[in-house]
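K.L.:
what follows is a predicted protein model with its sequence.
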Amino acid sequence: MTILESLSDDRISHIYLYPTPKDVVLHYLDNNGTFPGRYAKVHVNRGSRTPPDVMEYKVGPLNVSFNDMSVTKLRQDGEIAYNRRPYETFESNILYNFMLPFLKNVSTLIEDSLDEGYSEHNVFPSFAFQPCWTISDRISNVVVVLNLEDARTLGLLPVSCVVHHPGTDTSLWYTSDWYYNSHGPYSDVEDMLSDYQSGSFSAIKLGTNYIHDKTREFELVRNESLPPRFQSDIPPPKTYEPRGPRYSITGHRVKWMGWDMEITSDPIRGPAIFDIHFLRERIAYEISLQDITLLYSAQSNGHGPIVLSDTFYHVGTYNNPIRNVDCPARSYVMNTTLFLVGTVMSEEALCIFEADGQTPLWRHGDKGLTDHYLVIRAALNLGNYDYIVEWNFHLDGSIRTLLTASGYLYGAFWKNKDTMTSGEDSFSPFGYRLGKYLQGPIHDHTYTFKVDLDVLGSKNSLETMTWKAGSSNEVFQNYLNISRPLYFLFNDTRYVTSEILDTETSFITDPKNPKFWTVVNEEKRNKWGSKRGYRIIPQTMFAEILHDHVMLKPWDQLKFHVAICQRKDSEPYATNSIYDVTHPDAQPISGFIKLDNENIRKEDLVILISNKFYHLPTTEDVPITIAAKTSFTLKPFNYFDRTPTFDLNARYSATDPYSSVPCYENL
């Protein structure tokens, strides 16, 4: 077998901005300090070394000539084993060519299932990395997939194996654990074919024109067999800007209604916002997406990935925003530069616009203020899934971070009998049947964000406010040192206690034990003596229920909704999934945030927020999943002396505060 490409060469896999130490950045921004320069972080897969490894370099400064730049190693030689490197298209192409002869070997079995027959055009191997228990190996699950164009993740066949592809010498690669419709495992494809030919199992007959019919079934076009909805031919409403946008953009810096921030992107982890100010005070140094992880469970061997981190496949790979779908046509679209597969490309990445919330931010009687807010939104395309990451900046100083999932499911082959009797249920412990030979495997989505709040400075503390219930007699005596007044009618009462935490910790939201988590500055008080702060409000319904899963070791973020840590420049990221997906049980790679029981009182803090939702796919998820949303909010908490919105025009009387301007559109 001839493999044209070579893994023995050194090649760059990632280039992105190296995070400058925070104190250096703040000295430059706040004290007119010297420009610290910008540096690149460069990942190189060093296939030429013995043994091969992955090296990370700091290169720069970028504002000088190439000859004046310095290159500094950030790791020890061999610290990151070559087999732990993340996905690269280069390797995927080699794997594809490696597997083609095996597919030709099982072509008879495939042709006995498909009346369209076998060809490299309509059937191909799909790869998903699997956790591996030895650093000397690197394995992927391979499943045979029908070419259903964009919907190929709904066209899995029950033909699978494991391919072992460690190191750089492809002559040492091999396959194992072959299955057909859960028959197996077979050590090699020949053993499986021998059993098939001897009649040990039969091929599943998928029916005539199966590929053609499935492609049309999952195509994203209007269903012409259904009557149109009443008046659906009339264009829907649109918003407009009567006198142009109220935001301004200079480079990557955005200003709107007292908000001021810098937008950036990381090809591994995706979009981020830095240096966020509201009414001339810095609210946060950083709010950034860190990881999107998924764990799947399927009942047949015809399944896709069982462990998935989208950082492994470049979260910061953007889809050009669709005007009037992702964003209004009037939005400003910001480009980002991405190094991918040896190519530097500039692409449309984020759209920015002011949204009309169509609801009051506050109201009373005939007075009120509309909830307009600034939206910064990015559409991410990660294979079958599409994600929308966005930030909403509100007029009251609150920030909502929202993540929406859509796209095609990653299905699995439904291996039970295809014919069903009336009233028979198509449910299994691992998901519903969603179509002919199609199951929707149960899985989760966990989104992890890093939040570096700076409440009137970097030295902050975490205060918890715990809601309790008990005897009002005891509350007055224990907390106020007085007897319960007679006018306090009920003895059974709610009350709130507060605590400043001293050491790093994490929390899971519990509706039966409600808490407020607030980052406060103990040295700064509002006019009425309260500590000024920002409240963290995770809006998630689910917590992790696994106890012993191997991915709980590297993915600590699955265990909490909120974690509070001491911020360190040496720990810039929440996870290291790019090195952990392949070998979760190996020695952790340094550089990610850890809970070490360190002091968090009057320290520079970082908050990790993990929002999870469990997905039990149903027939409404076919052919495309309807948007599933989760979010968290950062809200002023005694930060101001009063509601900070009364410096704005609002409806304080029966008169609209803004003169009416008609909307004219170029048709």
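P.N.:
Yep, that arrived.

K.L.:
low-confidence ranges, the stretch 201-350 of the chain, go.
P.N.:
Residues of the stretch 201-350 of the chain that meet the criterion pLDDT under 70 lie in 341.

K.L.:
how about the closest residue to T505 other than its chain neighbours, what does it touch?
P.N.:
Excluding its sequence neighbours, the residue lying closest to T505 (C-beta to C-beta, 6 or more residues apart in numbering) is I564, at 6.0 Å. From N, CA and C alone the C-beta is placed, and that goes for glycine too. By C-beta atoms under 8 Å, 6 or more residues apart in numbering, the residues touching I564 are 462, 501, 504-506, 517, 600, 605-607.

K.L.:
in CSV: these, plus distance to E348 and secondary structure.
P.N.:
Below are those laid out as CSV (distance: C-beta to C-beta, whole Å; DSSP: H, G, I helix; E, B strand; the rest coil):
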residue, distance to E348, secondary structure
L462, 39, strand
L501, 43, coil
E504, 40, coil
T505, 41, strand
S506, 37, strand
W517, 36, strand
I600, 40, coil
L605, 35, strand
V606, 31, strand
I607, 31, strand
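
K.L.:
just checking: what are the partner strands of whichever strand or helix holds the residue nearest to T505?
P.N.:
Following DSSP states H and E, one finds I564 within strand 562-566. Next to strand 562-566 in the sheet, as set by DSSP bridges, lie strand 505-507 (antiparallel), strand 605-615 (antiparallel).

K.L.:
mean pLDDT for those - can I get that in CSV?
P.N.:
Formatted as CSV, those follow (pLDDT from 0 to 100):
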stretch, mean pLDDT
strand 505-507, 96
strand 605-615, 96
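
K.L.:
out of those strands, which gets nearest to P61?
P.N.:
Closest to P61 of the strands paired with strand 562-566 is strand 605-615 (C-beta to C-beta; 25.9 Å).

K.L.:
give the buried residues for the closest one.
P.N.:
605-613, 615 (16 or more other C-beta atoms under 10 Å).

K.L.:
what about that strand, distance to the chain center?
P.N.:
In this view, strand 605-615 has its centroid 10 Å away from the chain centroid, taken as C-alpha atoms, centre = their mean, to the nearest Å.

K.L.:
roughly how far does S171 sit from D191?
P.N.:
Distance, S171 to D191, using C-beta to C-beta, to the nearest Å: 22 Å.

K.L.:
and what of E390?
P.N.:
Using C-beta to C-beta, we find E390 at a distance of 51 Å from D191.

K.L.:
same check, this time on D137
P.N.:
In terms of C-beta to C-beta, D137 sits 21 Å off from D191.

K.L.:
please apply the same query to M69.
P.N.:
Taken as C-beta to C-beta, the span from M69 to D191 is 55 Å.

K.L.:
ok, now Y437?
P.N.:
25 Å.

K.L.:
next one: V64
P.N.:
From V64 over to D191 the distance is 61 Å, taken as C-beta to C-beta.

K.L.:
same thing with N521?
P.N.:
Distance from N521 to D191, by C-beta to C-beta: 68 Å.

K.L.:
now the strands paired with strand 562-566 as JSON lines including distance to N97?
P.N.:
As requested, these are exported to JSON lines (distance: least, C-beta to C-beta, whole Å):
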{"stretch": "strand 505-507", "distance to N97": "45"}
{"stretch": "strand 605-615", "distance to N97": "34"}
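
K.L.:
looking at the ones you listed, which is closest to R642?
P.N.:
strand 605-615 (26.3 Å).

K.L.:
list the buried residues in the next helix or strand after the closest one.
P.N.:
Counting by DSSP H and E, the element after strand 605-615 in chain order, helix or strand, is strand 625-637. For strand 625-637, the neighbour count (16+ other C-beta under 10 Å) marks 625, 630-637 as buried.

K.L.:
let me see the contact set for K459.
P.N.:
For K459, the contacting residues are 521, 523, 602-604, by C-beta under 8 Å, 6+ apart.

K.L.:
try 7 Å
P.N.:
Neighbour list for K459: 602-604 [criterion: C-beta atoms under 7 Å, 6 or more residues apart in numbering].

K.L.:
over to I352?
P.N.:
247, 249, 254, 331-332, 334, 375-376.

K.L.:
quick check on these: which are buried?
P.N.:
Among those, those buried by neighbour count (16+ other C-beta under 10 Å) are 247, 254, 331, 334, 375-376.

K.L.:
in strands, which of those residues fall?
P.N.:
247, 254, 334, 375-376 (DSSP state E).
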